[in-house]
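Student: Mind looking at a prediction? Sequence and model below.
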Amino acid sequence: MAIFLTKDSKVIVQGMTGAEGMKHTRRMLAAGTDVVGGVNPRKAGTRVDIDGRTVPVFGSVREAMDTTGADVSVLFVPPPHAKAAVTEAADARIPLAVVITEGIPVHDAVAFQAYARARATRVIGPNCPGLISPGQSNAGIIPADITKPGRIGLVSKSGTLTYQLMYELRDIGFSTCVGIGGDPVIGTTHIDALAAFEADPDTDLIVMIGEIGGDAEERAARYVADRVTKPVVGYIAGFTAPEGKTMGHAGAIVSGSSGTAAAKKAALEAAGVSVGATPTETAGLVLTLLAETPGNPA
Amino acid sequence: MDLYEHQARELLRENGVLVPRAEVVDSAGAARAAAERLGGRVVIKAQVKTGGRGKAGGVKLAEDPAAAELTARRILGMDIKGHTVHRVMVAEPAEVVREMYLGFTLDRAAGRFLAIASAEGGMEIEEVAARRPEAVARIAVDPAEGVTEAKAAEIAVAGGLPRETTGTIRRLWTVLTAHDALLVEVNPLVVTRDGAIVALDGKVTLDDNARFRQPSWDDDADDRARDPLEARAAAAGLGYVKLDGQVGVIGNGAGLVMSTLDVVAGRGARPADFLDIGGGASAQVMADGLSLVLDDPDVRSVLVNVFGGITACDAVADGIVRALDTVTLTKPLVVRLDGNNAARGRAILGQLAHPLVHQADTMDGAAARAAELAASAASDTSAA
């Protein structure tokens, strides 16, 4: 198994025919993802040849789902059209919508997250790299060749820190890596991923990466203390970030005394989570904990 | 993007919220003239994008135009928490019988906007909330419904505000939604002696992601308050924040760059900047970024930390080579490349064989080296 995305997932791509959409559809196919179609109302009925695979283009998410049985949509739709695209996916009741797009206005995200929630569509993102279950499927832009299948689950606000940790632990391997995104308003949270990893029989240990801004990490820490029995290793970025400055991600901002890295680290440690000072030290903590886990080959 | 008080006041006024008569000026003489037009007795308020202006002496009552001139002279040029006062607002004082708090802010956890209302205005709402949490009402707004008359009444009642505030509550919501704001705060919202509901101070934060549909914002840009390197980075489309240390930091991805700053700090050095070249960066973006960081006089060494996911490390290396074609490197550069095309990227830098360009195998090793080089550059400088 894995969480949210498995070898059986049938993936469509909204915005597939754009430059980013084409580039990453090609990479997803190369990683073994079952990409069953693209969506673009202006190119409905056409087909796109990608490295010897023919991918049909549908006029709507509904049509794509009816024809192919798709259950995941990956969105590469530019910010002005992202709200309409997520709304369409939710109207079609797709179980999972992965929104890669960076730069979506917060008011739009607030509106489509509420809309999708009411229609039981899980949203991952926006402003995220998507998720990968190595060896099974890749929905988004995470490089598939960094690591291999394994038993670590990873959830992160940051794309490149996800890659860095996947690389540090490449010889151990991962069940699923989920990039939940760095925007202030996101769909799937650290807590959602923690709950899914806790329930996943193929995940032994969870790595949780956070950064400054908001209090999602503090809430996740409380959740770990109350509900998670598997070992959790944490990493927080942004100890040196000055107050009031947005550090790249729209959501990464320390406001007054709230949202600091120090507060997040303290909350995680109080919940029994080992927190690394650097990505490399974090990987080291994972190796140590796995070595202590009985019957684990690592 | 935070707005100045006078810009927030203008947005509120355009949307039908009552505000005091006021003018914005940048000289003491103009403050005197404004006071004369506004009836003599005025409040002089420093225009800076930070809180605590009152405590810092940046808000003063002046009894007449001569006093307004003197007061403005004292406040203009003042430094309030690192912000220089370039302009003051000269405002007509209000006859206040009651001070309240009213705002809309984003609840990130719930993914919704919240109304915050309190009958206790005039001080920082965080202080009121800490001291008497029951005095601060927080009411979530359904994005599909918005603030209807019934919702506004609910907010007023919960916050202990008079029913006459419902119109103002709805107008604030309009400012929030129509202008893509993340925060609209009026503190204090007052009832005047003649019963009017007036916004005496306003704070508005706009959502930078909405710039594509808010073209008027370009007129609001204020480069006087901006660091010159940040202004140059913004013009070049680079994600850059100036910091106060000596190690220039460049990386790809916000999370990895933040992490790199922390690792540099963990090695006893202080980062000079945050620069994210982004995903899939081209050689040109890398070259622009490196030139910018090298132009920072505070920088003593530069650390480039790239994990190529989408970004190709050979493009990053090409960008470094390209930048060095036009800039004479006088500061040491430490480069760590891993991931996509890392071997090719390292080979390009190897062939460059520049005495000031060092390669490192790991992120921690690279940070240690950059910190060390910055420290030795500092001691060289002091020796000279």
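Tutor: Yep, it's here.
Student: Give me the spatial nearest neighbour of the residue of the stretch 1-150 of chain A found nearest chain B, chain neighbours excluded.
Tutor: With CB to the nearest CB, the shortest gap between the stretch 1-150 of chain A and chain B falls at residue A:105, namely 3.9 Å. To be clear about C-beta, it is placed using only N, CA and C from the backbone, and glycine gets the same treatment. Excluding its sequence neighbours, the residue lying closest to residue A:105 (CB to CB, 6 or more residues apart in numbering or on different chains) is residue B:210, at 3.9 Å.
Student: Could you pull out the helices in chain A for me?
Tutor: Per DSSP state H, chain A carries helices over the ranges A:19-30, A:61-68, A:79-91, A:106-118, A:159-168, A:190-199, A:216-227, A:261-270, A:279-292.
Student: right, and these - which one's nearest residue B:193?
Tutor: Each of the helices of chain A has some distance to residue B:193 by CB to CB; the shortest is helix A:106-118, at 37.4 Å.
Student: about what we covered before: go ahead and confirm the residue of the stretch 1-150 of chain A closest to chain B touches residue B:206.
Tutor: No: taking contacts as CB atoms under 8 Å, residue A:105 lies outside contact range of residue B:206: 10.1 Å.
Student: which residues are common contacts for the two?
Tutor: Residues touching both residue A:105 and residue B:206 by CB atoms under 8 Å, 6 or more residues apart in numbering or on different chains: residue B:180.
Student: Report the contact partners of residue 68.
Tutor: Because you didn't say which chain, this covers chain A. Neighbour list for residue A:68: A:10, A:12, A:36, A:37, A:56 [criterion: CB under 8 Å, 6+ apart].
Student: Chain B was what I was after
Tutor: B:31, B:32, B:34, B:35, B:42, B:44, B:62, B:90.
Student: Next up, the contacts around the closest residue to chain B within the stretch 151-298 of chain A.
Tutor: Residue of the stretch 151-298 of chain A nearest chain B, by CB to the nearest CB: residue A:158 (2.2 Å). Counting by CB under 8 Å, 6+ apart, residue A:158 touches A:179, A:182, A:209, A:211, A:237, A:249, B:253, B:254, B:255, B:256, B:258, B:259.
Student: For the first one, which non-adjacent residue is closest in space?
Tutor: When you say that, I think you mean residue A:179. Looking at residue A:179 with CB to CB, 6+ apart, the closest residue is residue A:129, at 3.9 Å.
Student: I'd like the secondary structure assignment at the residue in the stretch 201-350 of chain B that chain A sits nearest to, please.
Tutor: As assessed by CB to the nearest CB, chain A sits closest to residue B:255 within the stretch 201-350 of chain B, at 2.2 Å. Under DSSP: H, G, I helix; E, B strand; the rest coil, residue B:255 falls in the helix class.
Student: which residues does it contact?
Tutor: With contact set as CB under 8 Å, 6+ apart, residue B:255 has these partners: A:156-162, A:182, A:209, A:211, A:237, A:248-249.
Student: if I look at it, how far off is residue A:271?
Tutor: 21 Å (CB to CB, to the nearest Å).
Student: can you pull out the strands in the stretch 51-200 of chain B?
Tutor: With strands called from DSSP state E, counting those that start in this stretch, the stretch 51-200 of chain B shows them at B:59-62, B:79-80, B:83-84, B:88-91, B:96-107, B:112-118, B:136-141, B:181-192, B:197-199.
Student: Just checking: what are the partner strands of the fourth one?
Tutor: If I follow you right, that is strand B:88-91. In the sheet, strand B:88-91 lines up against strand B:22-25 (antiparallel), strand B:42-46 (antiparallel) (DSSP bridges).
Student: and the first one, average pLDDT?
Tutor: For strand B:22-25, the mean per-residue pLDDT is 97.
Student: again, but for stretch A:201-220
Tutor: Computed over stretch A:201-220, the average pLDDT equals 95.
Student: buried sites along that stretch?
Tutor: Neighbour-count burial for stretch A:201-220 flags A:203-214, A:216-218, A:220 (criterion: 16 or more other CB atoms under 10 Å in any protein chain shown).
Student: Same check on stretch B:341-352?
Tutor: Here stretch B:341-352 shows B:341, B:342, B:345, B:346, B:348, B:349 as buried, counting by 16+ other CB under 10 Å.
Student: hmm, stretch B:131-138 in reach of chain A?
Tutor: No: judged by CB under 8 Å from any CB of the partner chain, stretch B:131-138 stays clear of chain A, getting no closer than 14.5 Å.
Student: okay, now the residue of the stretch 1-150 of chain A closest to chain B: neighbour count?
Tutor: If you count neighbours by other CB atoms under 10 Å in any protein chain shown, residue A:105 ends up with 23.
Student: quick one: contacts for it?
Tutor: Counted by CB under 8 Å, 6+ apart, residue A:105 has contacts A:79, B:180, B:207, B:209, B:210, B:213.
Student: Narrow those to just the buried residues.
Tutor: Here, 16+ other CB under 10 Å leaves A:79, B:180, B:207, B:209, B:210 buried among these.
Student: so which of those would you say is closest to residue B:378?
Tutor: residue B:209 (39.2 Å).
Student: wait, that closest one sits on residue A:251?
Tutor: No: the pair residue B:209 and residue A:251 does not pass the contact test of CB under 8 Å, sitting 10.8 Å apart.
Student: what do those two both touch?
Tutor: Counting by CB under 8 Å, 6+ apart, nothing touches both residue B:209 and residue A:251.
Student: Now for the residue nearest to residue A:112 when sequence neighbours are not counted: which residues touch it?
Tutor: The shortest distance from residue A:112 to any non-neighbouring residue, by CB to CB, 6+ apart, is to residue A:86 (4.1 Å). By CB under 8 Å, 6+ apart, residue A:86 lies in contact with A:75, A:97, A:99, A:112, A:115, A:116, A:123.
Student: Residue A:58 too?
Tutor: Applying CB under 8 Å, 6+ apart, the residues contacting residue A:58 are A:12, A:37, A:38, A:39, A:44, A:64, A:67.
Student: What degree of burial does the last one show, as a neighbour count?
Tutor: Spelled out, it's residue A:67. Neighbours around residue A:67, by other CB under 10 Å: 13.
Student: Could you tell me how far the nearest residue to it once chain neighbours are set aside is located from residue B:4?
Tutor: The shortest distance from residue A:67 to any non-neighbouring residue, by CB to CB, 6+ apart, is to residue A:58 (6.6 Å). Distance, residue A:58 to residue B:4, using CB to CB: 49 Å.
Student: what does residue B:226 give?
Tutor: With CB to CB as the criterion, residue B:226 and residue B:4 are 13 Å apart.
Student: if I pick the most centrally placed residue in chain A, what's in contact with it?
Tutor: Nearest residue to the geometric centre of chain A (CA atoms, centre = their mean): residue A:179, 2.7 Å. By CB under 8 Å, 6+ apart, residue A:179 lies in contact with A:124-125, A:128-131, A:140, A:142, A:156-159, A:162.
Student: Adding pLDDT, write those out as TSV.
Tutor: Below are these laid out as TSV (pLDDT from 0 to 100):
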residue	pLDDT
A:124	98
A:125	97
A:128	96
A:129	96
A:130	98
A:131	98
A:140	97
A:142	95
A:156	97
A:157	93
A:158	93
A:159	92
A:162	96
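Student: on that earlier part again, among the contacts of residue A:105, name the ones in helices.
Tutor: Short answer: the contacts of residue A:105 in helices (DSSP H) are residue A:79.
Student: Buried residues in stretch B:183-201, which are they?
Tutor: B:183-192, B:197-201.
Student: Name the nearest of those relative to chain A.
Tutor: Of those, the one sitting nearest to chain A (CB to the nearest CB) turns out to be residue B:183, at 9.8 Å.
Student: ok, now which ones touch residue 213?
Tutor: All of this is about chain A. Neighbours of residue A:213 in contact, by CB under 8 Å, 6+ apart: A:184, A:238, A:249, A:251, A:252, A:253, A:254, A:255, A:259, B:108.
Student: wrong chain, I was asking about chain B
Tutor: Contacts of residue B:213 by CB under 8 Å, 6+ apart are A:80, A:105, B:180.
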